[in-house]
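Enquirer: return a 3D structure for these sequence lines:
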Amino acid sequence: MVAGVTARQLSLFVVGLQHANKSRGNRTFEAMVCVPGEPVHLVPEPKNKHDPQAVAVFSDRGIQLGYLSAERCGWIGGMIGRGEEVGAIFQSAGTATAVIRVAIGRGDPVLPPSSSPPAAPAVDQEPDWYPDEIPPNDI
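Expert: Alright, predicted model coming up:
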């Protein structure tokens with residue numbers, strides 16, 4: 001990349017959280033203990049018998065979370081193979097997938113603003129939501 005040009009940032013899905021690792025490490029549990037912004041590692045698997053373009057995603061503790069989705073693994077794996085700078089951090093987790101933030105080129109990945117947890121309302125501030133009214137039992 002040209003000096004002074006920032007990295008291209010994008011969020012990517014990590015699939016396969018529901019599968020067990022060979023070491024029996026629990027991917028879903030590992031995704032739940034990952035903190036938004038912590039580093040994750042992308043590892044191409046050219047000898048993967050199911051997909052030679054597969055890119056595995058590992059937490060900073062060395063436990064596999066899953067794989068990049070099939071739509072992106074060839075593209076990202078190709079960049080890694082060519083020696084391009086590709087950095088990744090954990091963004092969020094769901095029940096079957098996780099999301100990582102990737103920076104391609106110079107610069108570190110940065111979480112998008114929507115990944116930040118909402119600020120707690122001040123104690124004396126009115127809440128911005130109200131529960132639904134509970135109807136009486138005799139209806």
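
Enquirer: now this protein, which segments are flagged as low pLDDT?
Expert: Residues of the chain meeting the criterion pLDDT under 70: 1-6, 24, 114-139.

Enquirer: return the residues in contact with the closest residue to residue 21 other than its chain neighbours.
Expert: The shortest distance from residue 21 to any non-neighbouring residue, by C-beta to C-beta, 6 or more residues apart in numbering, is to residue 64 (5.1 Å). The C-beta positions use only the backbone N, C-alpha and C, and glycine is treated the same way. Going by C-beta atoms under 8 Å, 6 or more residues apart in numbering, residue 64 touches 21, 25, 27, 30, 56, 57, 58.

Enquirer: Serialize these to CSV and add fields for neighbour count.
Expert: Formatted as CSV, the contacts of residue 64 follow (neighbours: other C-beta atoms under 10 Å):
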residue, neighbour count
21, 16
25, 15
27, 22
30, 22
56, 20
57, 26
58, 18
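
Enquirer: from the residues you listed, which ones fall inside strands?
Expert: By the criterion of DSSP state E, membership of the contacts of residue 64 in strands covers 56, 57, 58.

Enquirer: pipe these into TSV and attach distance to residue 45 per row.
Expert: Compiled in TSV, the ones in strands among the contacts of residue 64 are given as follows (distance: C-beta to C-beta, whole Å):
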residue	distance to residue 45
56	6
57	11
58	11
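
Enquirer: what's the closest of those residues to residue 88?
Expert: Lowest distance from residue 88 to the ones in strands among the contacts of residue 64 (C-beta to C-beta) belongs to residue 57, with 7.5 Å.

Enquirer: thinking again about what came up before, if we take the contacts of residue 64, which one ends up nearest to residue 74?
Expert: Within the contacts of residue 64, the smallest distance to residue 74 is 13.9 Å, found for residue 56 (C-beta to C-beta).

Enquirer: isn't that closest one right next to residue 43, touching?
Expert: Yes: with contact taken as C-beta atoms under 8 Å, residue 56 and residue 43 are classed as touching, separated by 4.6 Å.

Enquirer: just say helix, strand or coil for the closest residue to residue 108 other than its chain neighbours.
Expert: Here the nearest residue to residue 108 in space, its sequence neighbours aside, is residue 87; by C-beta to C-beta, 6+ apart that works out to 5.5 Å. Here residue 87 is strand, with the state taken from DSSP: H, G, I helix; E, B strand; the rest coil.
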